[in-house]
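Engineer: Turn this into a model:
(one chain, ligands or ions: 2)
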Amino acid sequence: MYDWLIVGAGFAGSVLAERLASERGERVLVVDRRNHVAGNAYDRHDEAGILVHQYGPHIFHTNSRPIFEYLSRFTGWRPYEHRVLGQVDGRLVPIPINLDTVNTLYGLDLTSDELEGWFASRAEPVAEIRTSEDVVVSRVGRELYEKFFRGYTRKQWGMDPSELDRSVTARVPTRTNRDDRYFTDEFQFMPEHGYTRMFERMLDHPNINVMLQTDFRDIRDMIPHRRTIYTGPIDEFFGFRHGKLPYRSLRFEHVTLDTPRFQAVGTVNYPQTEDYTRVSEYKHLTGQEHPKTSITYEYPSADGDPYYPIPRPENAQLFRTYERLAQSTPDVWFVGRLATYRYYNMDQVVGQALATFKRISDALPAGADTRTVKAIGAAAVAS
Ligand code: FAD
Ligand code: UDP
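Structural biologist: Ligands and ions are numbered 1, 2, ... in the order given. Down below sits the predicted model:
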């Protein structure tokens, strides 16, 4: 009899497996329908021997020291600050928009103070900032919004920024200085030997068994277990009984080139042209030296594996219906980006899993056989 059946070997499932096994000495079975651990953070060496990310570029960044220190038990780190350029009006300029972006695009020589005024003179007043369009036009005006955000967002999400919550484009700041880093978090690193190795170490415990290429739906009634942690799509768990929750997917095209370097930075975004949104070159992220290089094109799509919850009011409302069902389902805990329908970064999922572990520990004395205790994933504690 397993104490826990954990569905999904991504961050949510693996952190909880590690905590439950190490801290409470409980027996855990982790199942994943894919043929590997690490969820969407999975990386592997491709045929040329270059370390690539199967599901697009993953850069670890956080402001939370406890989350960073927790993961540091399972990996060393390589300092890495991600930089992104955008192909806009035929030039490559920094994203997020900063002083150099504007000076380059408009042939200006503004100072930071002058740029603040330049933005203010173009910004459109918006009474209440609700949508992803509002966020940008109220800060930098419509022209830059159209150059950098409208096309990219329509490609990425299959809908206009005016139909998406403000939180989506608010992920990307606007700067008046020359800082060209994509993230400004205190801790910005890549796992020294990759994400997959980190997950393997996290799951390497005598109390943890892992079964890959195993769908929860096929084994849930066959493997005796006391409780479940579910990190897949929440609507699927309930057989889509209230309808499908929309998730956005991507098709990844991985290419290896016979040249040591393809582009100047880790990622180049294409907000105006091309069918893909961005191209990432892994050697920038990993620091690997190799005579060839591997890159990934991201083509957004409505069909395929669910990668992104789509933040907009009607989806949040449908999620709440499923959340209520989850709350009244005994002995199942819902955690992670798909199960709690939140557009979370890796550190936020780790934070949510650690917070859930604490709630489990508070609710259930270790080794207890009490049933009918559960909770939906706790709020994230990270940035
Ligand atoms: P997942 O990693 O999706 O794991 C869930 C697992 O559950 C999957 O492996 C799935 O196969 C399995 N599963 C689902 N249903 C079942 C079932 N019925 N039976 C068995 N197994 C099942 N975050 C960052 O912090 N930095 C980044 O740079 C970054 N870049 C990203 C780029 C892309 C293209 C994407 C899509 C995401 C990115 N993220 C990034 C977000 C990051 O991937 C997530 O925050 C994190 O991986 C979520 O972990 P999770 O455990 O919640 O879900
Ligand atoms: N975005 C954009 N243009 C860009 C970069 C981002 O319009 O050049 C918008 C787009 O809607 C995107 C969102 O900002 O989905 C968040 O960007 P981020 O890079 O955080 O997306 P992720 O890495 O999660 O795919």
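
Engineer: In three-state terms, how would G49 be classified?
Structural biologist: The three-state label for G49, taken from DSSP: H, G, I helix; E, B strand; the rest coil, comes out as coil.

Engineer: from what I can see it touches T293, true?
Structural biologist: No: if you go by C-beta atoms under 8 Å, G49 and T293 don't touch, sitting 11.6 Å apart. For glycine as for every other residue, the C-beta is placed from the backbone atoms N, C-alpha and C.

Engineer: ok, these two, which is more surrounded?
Structural biologist: T293 (21 against 11; other C-beta atoms under 10 Å).

Engineer: Contact residues of the protein facing ligand 1?
Structural biologist: 7-13, 31-34, 39-41, 55-59, 215-217, 231-232, 250, 307, 336-338, 344-347, 349 (C-beta under 6 Å from any ligand atom).

Engineer: Show me which of the residues you listed are buried.
Structural biologist: The neighbour-count test (16 or more other C-beta atoms under 10 Å) marks 7-13, 31-34, 39-41, 55-59, 216, 231-232, 250, 307, 336-338, 344-347, 349 as buried among these.

Engineer: so, in contact with ligand 2 or not, stretch 40-58?
Structural biologist: No: using C-beta under 6 Å from any ligand atom, stretch 40-58 stays clear of ligand 2, with a minimum separation of 7.6 Å.

Engineer: List the contacts of that stretch.
Structural biologist: Applying C-beta atoms under 8 Å, 6 or more residues apart in numbering, the set of residues contacting stretch 40-58 from outside is 10-11, 34, 36, 194-196, 199, 250, 252, 254, 256, 266-267, 280, 282-283, 285-286, 288, 290, 292-294, 296, 298, 307, 346.

Engineer: mind listing which of the residues you listed are in helices?
Structural biologist: F11, Y195, T196, F199, Y282, K283, L285, T286, M346 (DSSP state H).

Engineer: Could you check the strand ranked longest in the chain and say which residues are buried?
Structural biologist: Ordering each strand of the chain by length in residues (DSSP state E) puts strand 247-257 first. Within strand 247-257, the residues that qualify as buried are Y247, R248, L250, F252, H254, T256, counting by 16+ other C-beta under 10 Å.

Engineer: Assess the claim that the first one and A302 are in contact.
Structural biologist: To tie it back to what came earlier, the one meant is Y247. No: with contact defined as C-beta under 8 Å, Y247 does not count as touching A302 (9.3 Å).

Engineer: Identify the residue spatially nearest to S22, adjacent ones excluded.
Structural biologist: Closest residue to S22 apart from its sequence neighbours, by C-beta to C-beta, 6 or more residues apart in numbering: H205 at 6.2 Å.

Engineer: helix or strand for T340, which one?
Structural biologist: In the assignment (DSSP states H and E), T340 maps to no helix and no strand.

Engineer: from here on, count from 767
Structural biologist: Renumbered: residue one is now 767, and that last one reads T1106.

Engineer: What are the phi and psi values at it?
Structural biologist: Here is the backbone geometry of T1106 (degrees, to the nearest 10): phi -110, psi 10.

Engineer: can you tell me how far it sits from Y996?
Structural biologist: 10 Å (C-beta to C-beta, to the nearest Å).

Engineer: Spell out which parts of this protein neighbour ligand 2.
Structural biologist: 852, 861, 914-915, 918-919, 922, 934-935, 937-938, 1035, 1037.

Engineer: if we can go back for a sec, mind listing the shared neighbours of T1106 and Y996?
Structural biologist: Taking C-beta under 8 Å, 6+ apart as the criterion, T1106 and Y996 both touch F1100.

Engineer: contacting residues for N864?
Structural biologist: Contacts for N864 (C-beta under 8 Å, 6+ apart) come out as T940, R941, T942, N943, R944, D945, D946.

Engineer: can we see that at 7 Å?
Structural biologist: R941, N943, R944, D945, D946 (C-beta atoms under 7 Å, 6 or more residues apart in numbering).

Engineer: For N973, give its distance to L837.
Structural biologist: Taking C-beta to C-beta, one finds N973 at 20 Å from L837.

Engineer: Kindly apply the preceding question to R916 instead.
Structural biologist: Distance from R916 to L837, by C-beta to C-beta: 36 Å.

Engineer: Over to I989?
Structural biologist: I989 is 29 Å from L837, by C-beta to C-beta.

Engineer: In terms of neighbours, single out the busier of the two.
Structural biologist: Neighbour totals were compared for I989 and L837, and L837 leads with 22 against 15 (other C-beta under 10 Å).
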